[in-house]
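Q: Pasted the sequence and its predicted model underneath.
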Amino acid sequence: MQQVIVIGGGVVGLASAWWLLEAGYRVTLLERAPEVGTGTSYSNGGQLSYRYVSPLADAGVPLKAVQWLFQEHGPLRFKPQFDPHQWRWLAAFLANCRADVNRRMTDKLLELGELSRQGMARLQPIVPLDAFAWRDAGKLVVYRTRKAFEAAVAKPDPAGTRQVWSAAECVAREPALAAMEDRLAGGIYNGGEAVADCYAFCVALAERLRLHPRFQGVVHGEATRIATMHGRVTGIETPAGSLHADAYVLAAGMQSRALAGTAGISLPLYPLKGYSLTAPIRQDDVAPEISVTDFERKVLYARIGDKLRVAAMVDMVGEDLSLDEKRIASLVRQVRDTMPRAADYTQVTPWAGLRPATPTSSPIIGATPYANLWLNVGHGPLGFTFACGTASLLADLMRDKPTPFPLDGLTL
């Protein structure tokens, strides 16, 4: 029975550990924080968007990005740095801003989304849905301009599940949108999409891991270097000493890039810093029951338990986790304007996380140049959505089993 060390205790690492345990491996989890799920997984948007995937790279995006940079409250902020990672990532991203690439990646991510939805369903007997405030809320993407709305409606609907709603229908189905009805062109609704608390999911899954007979425990320590020799990884170095196993899985969010670099592997990851707000919902508040995405402003709204979670913005500022007070204030103003009665905005808790994104918005799963080192990285803002699917694929690949669909575009 092989021993595996999974590096990373966020939602992707925890899911990877579970699927590998179920595949027959003995697993140790290495996490640098004192608790699991406290990095990018902690306070993310909470949306499980299996059927609505929209790769960031697309035709017309560079022009939109330039326009956003000149908007006071725009969804994008770019801070040029003397960082080769930033410029290489941007060059690759721009090269992928083509309609044909977007269509191809959308199709692939839809396959991954369906696999992830099935994986989450298989976990239900192990991790009860009420343990992490899971709700089948559906997802409504609302559009402020007629042009954007018509372009979205014109796109194919491969699953055949979407519903096109007028502005009045959007408000009738989701009263939290009432304040912006006169500014809406319409919306597109997809059923089967869910919302949940990602951090609570991480905690609940970690508890199940500890009860698994093949789980070897959590080691809390910083992985500083991947030691290699003759085409194989020989250990993971930490300040407390080296850890050794038969195989190793890198699933450590943005930390994965630097760690892979110690083994001579270049991962095309860049941190897209995002913000979230969490506000309590009072008895008389009109919070959204449906998961809502404001398309033009790139703001997501999700009711998670008795709280409203709002996630937004992309800051390309390197690995800077500080809370930008101006960005937070801007987001609060936008939220108050869009859903003024949805929550108690005087009690907002702000948060920022670094989403480890690839230029194509697709995660990287599977083999590396080292026979016993595997990857599950690059999920961007969709780590919670795709974690179960990529963990399942990883377990198949490590056992040399056929995957349910070709992984072109999803490998290193």
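A: Good, I have the coordinates.
Q: which helices and strands does the helix or strand encompassing Thr228 pack with?
A: Applying DSSP states H and E as the criterion places Thr228 in strand 225-229. Using 3 or more CB pairs under 8 Å, 6 or more residues apart in numbering; DSSP states H and E, the elements in contact with strand 225-229 are strand 232-238, helix 255-261. No exception for glycine: its C-beta is placed from N, CA and C like everyone else's.
Q: closest one to Pro55 among the ones you listed?
A: Comparing those against Pro55 with CB to CB, the closest turns out to be helix 255-261 (19.9 Å).
Q: quick one on the thing from earlier: which residues sit against the strand holding Thr228?
A: Strand 225-229 is contacted by residues 233-237, 242, 248, 250, 259-260, 262-264, 370, 373 when judged by CB atoms under 8 Å, 6 or more residues apart in numbering.
Q: farthest pair in these?
A: Ser242 and Gly264 (18.4 Å).
Q: one step back: tell me which residues of the strand holding Thr228 are tucked away?
A: For strand 225-229, a neighbour-count test (16 or more other CB atoms under 10 Å) marks 226, 228 as buried.
Q: That one pairs with which strands?
A: Sheet pairing of strand 225-229 (DSSP bridges) gives strand 232-238 (antiparallel).
Q: pLDDT averaged over the partner strand, what's the number?
A: Here strand 232-238 scores 97 as its mean pLDDT.
Q: just stretch 83-90 next, same as before
A: The pLDDT scores in stretch 83-90 average 94.
Q: what's the distance between stretch 8-20 and the middle of its chain?
A: Mean C-alpha position of stretch 8-20 versus that of the full chain (CA atoms, centre = their mean, to the nearest Å) differs by 14 Å.
Q: Any chance of a ChimeraX selection covering the buried ones in the contacts of strand 225-229?
A: Burial among the contacts of strand 225-229 is assessed by 16+ other CB under 10 Å; the matching ChimeraX selection reads:
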select :233,235,236,237,248,250,259,260,263,370,373
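Q: what about the helices in the stretch 251-400 of the chain?
A: With DSSP state H, counting those that start in this stretch as the criterion, the stretch 251-400 of the chain has helices at 255-261, 325-338, 383-398.
Q: typo on my end, it should be the stretch 1-150 of the chain
A: Going by DSSP H, counting those that start in this stretch, the stretch 1-150 of the chain shows helices at 11-22, 61-69, 84-95, 99-123, 146-154.
Q: buried residues in the fourth one?
A: The reference is to helix 99-123. For helix 99-123, the buried set under the neighbour-count rule, 16+ other CB under 10 Å, comprises 101-102, 104-106, 108-117, 119-120, 123.
Q: Contacts for the worst-scoring helix or strand of the chain on mean pLDDT, please.
A: In the chain, the helix or strand scored least confidently by mean pLDDT, DSSP states H and E is helix 61-69, which has a mean of 78. Contacts with helix 61-69, where a contact means CB under 8 Å, 6+ apart, come from 74-78, 94, 97.
Q: do the same with stretch 285-296
A: The contact list for stretch 285-296, computed with CB under 8 Å, 6+ apart, reads 47, 49, 52, 137-145, 148, 152, 173-178, 189, 193-195, 281, 299-303, 308, 338-339, 341-344.
Q: First-to-last residue distance for it?
A: 25 Å (CA to CA, to the nearest Å).
Q: Against the centre of this structure, work out the most remote residue.
A: Largest separation from the mean C-alpha position in the chain: His230, at 34.8 Å (CA atoms, centre = their mean).
Q: now that residue: how far from Gln3?
A: His230 sits 19 Å away from Gln3, going by CB to CB, to the nearest Å.
Q: One more: Arg303?
A: From Arg303 to Gln3 the distance is 42 Å (CB to CB).
Q: From the neighbour counts alone, determine which of these two ranks first.
A: With neighbours defined as other CB atoms under 10 Å, Arg303 and Gln3 compare such that Arg303 has more, 24 against 15.
Q: What is the burial count for the closest residue to the more buried one other than its chain neighbours?
A: Once flanking residues are discounted, Arg303 sits nearest to Ala287: 4.9 Å by CB to CB, 6 or more residues apart in numbering. Using other CB under 10 Å, Ala287 has 20 other residues around it.
Q: if I read this right, Ile364 contacts Trp374, doesn't it?
A: No - here Ile364 lies out of contact with Trp374, judged by CB atoms under 8 Å, at a distance of 10.4 Å.
Q: Now stretch 383-395 - C-alpha only, CSV.
A: In CSV, the C-alpha atoms belonging to stretch 383-395 read as follows (Å, rounded to 0.1, in the frame of the first residue of the first chain):
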residue,chain,number,x,y,z
GLY,A,383,-11.6,25.7,-6.3
PHE,A,384,-14.7,24.8,-4.4
THR,A,385,-16.6,24.1,-7.6
PHE,A,386,-14.0,21.8,-9.2
ALA,A,387,-12.3,20.2,-6.1
CYS,A,388,-14.3,17.0,-6.1
GLY,A,389,-13.9,16.6,-9.9
THR,A,390,-10.1,17.2,-10.1
ALA,A,391,-9.6,15.0,-7.0
SER,A,392,-11.4,12.2,-8.8
LEU,A,393,-9.3,12.6,-11.9
LEU,A,394,-6.1,12.7,-9.9
ALA,A,395,-6.9,9.4,-8.3
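Q: Please name the residues that touch Ala23.
A: Neighbouring residues of Ala23 by CB under 8 Å, 6+ apart: 395, 398-399.
Q: Okay then, goodbye and thanks.
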